[in-house]
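**Student:** Below are the sequence and a predicted model; questions follow.
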Amino acid sequence: MALVLGIDPGSLKTGFGIVNSVGGKNEYVASGVIRLPANESLPERLKIIFQSVTDVIIEYQPNEMAVEQVFMAKSAGSALKLGQARGAAIVAGVNQNLPVAEYEARKVKQSVVGTGAADKFQVQHMVTHLLKLSSVPQEDAADALAVALCHSHTQQQLIRSTRSVTYRRGRLV
């Protein structure tokens with residue numbers, strides 16, 4: 001059993017999603033969006049991200065954390081803010097002794113939808129389907145759940161690949 005916390009960072013909205021991964025099956029645990037006040041300074045918003053992610057970790061006690069990597073933003077300033085939001089979330093996880101994995105947005109979409117070029121609606125739809133949710137989660141929460149699912153799928157592939165490695169007469173076959 002592994003509880004995986006997925007984070008979709010943003011300087012105005014940061015999504016989080018928690019998935020329980022048991023024997024290759026994933027179950028929904030929780031998700032939400034940390035809404036940040038636009039009228040606050042960036043340092044204050046980073047503080048809110050750090051504290052809110054810390055609170056989620058303390059409440060749900062995940063075993064692992066996965067964060068979406070920075071993609072090309074509209075501007076250099078946007079990319080910097082997004083990177084700082086990621087940093088605040090990552091520090092919250094590391095501060096709580098969680099191993100933190102990072103995934104490119106294309107890999108997350110590929111893992112959940114089957115194509116790295118999927119749009120937000122497709123991600124929401126597949127997250128709803130894969131986790132058997134009764135309603136569609138908010139966009140940022142769905143993205144965070146997709147990050148958690150991507151991490152879970154990646155870990156399962158690693159486990160399967162190490163089990164399939166065999167040796168005969170001292171040679172890898």
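**Tutor:** It's in.
**Student:** Who are the packing partners of the helix or strand hosting residue 82?
**Tutor:** Element membership for residue 82, per DSSP states H and E: helix 76-95. Applying 3 or more Cβ pairs under 8 Å, 6 or more residues apart in numbering; DSSP states H and E, one finds that helix 76-95 contacts strand 2-8, helix 42-60, strand 64-68, strand 100-103. For the C-beta atoms, the positions are set from N, CA and C on the backbone; glycine is no exception.
**Student:** Distance from the chain centre to it, please.
**Tutor:** 13 Å (Cα atoms, centre = their mean, to the nearest Å).
**Student:** got the contact list for that helix?
**Tutor:** With Cβ atoms under 8 Å, 6 or more residues apart in numbering as the test, helix 76-95 has contacts from 5, 7, 9-11, 14, 42, 45-47, 49-51, 53-54, 57, 65, 67-70, 72-73, 100.
**Student:** about what we covered before: out of the helices and strands packed on helix 76-95, which comes closest to residue 126?
**Tutor:** With Cβ to Cβ as the measure, strand 2-8 is the member of the helices and strands packed on helix 76-95 nearest residue 126 (13.9 Å).
**Student:** mind listing what's buried in the closest one?
**Tutor:** 3-8 (16 or more other Cβ atoms under 10 Å).
**Student:** Check which residues of the longest helix seen in the chain are buried.
**Tutor:** Counting residues, the longest helix found in the chain (DSSP state H) is helix 139-163. The neighbour-count check on helix 139-163 (16+ other Cβ under 10 Å) flags 139-153, 155-156 as buried.
**Student:** hang on, the earlier thing: can you put the helices and strands packed on helix 76-95 in CSV and add mean pLDDT and distance to residue 94?
**Tutor:** Converted to CSV, these look like this (pLDDT from 0 to 100; distance: least, Cβ to Cβ, whole Å):
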stretch, mean pLDDT, distance to residue 94
strand 2-8, 96, 12
helix 42-60, 97, 10
strand 64-68, 97, 9
strand 100-103, 96, 6
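**Student:** could I get the ones you listed as a markdown table with distance to residue 82?
**Tutor:** Converted to a markdown table, the helices and strands packed on helix 76-95 look like this (distance: least, Cβ to Cβ, whole Å):
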| stretch | distance to residue 82 |
| --- | --- |
| strand 2-8 | 10 |
| helix 42-60 | 11 |
| strand 64-68 | 10 |
| strand 100-103 | 13 |
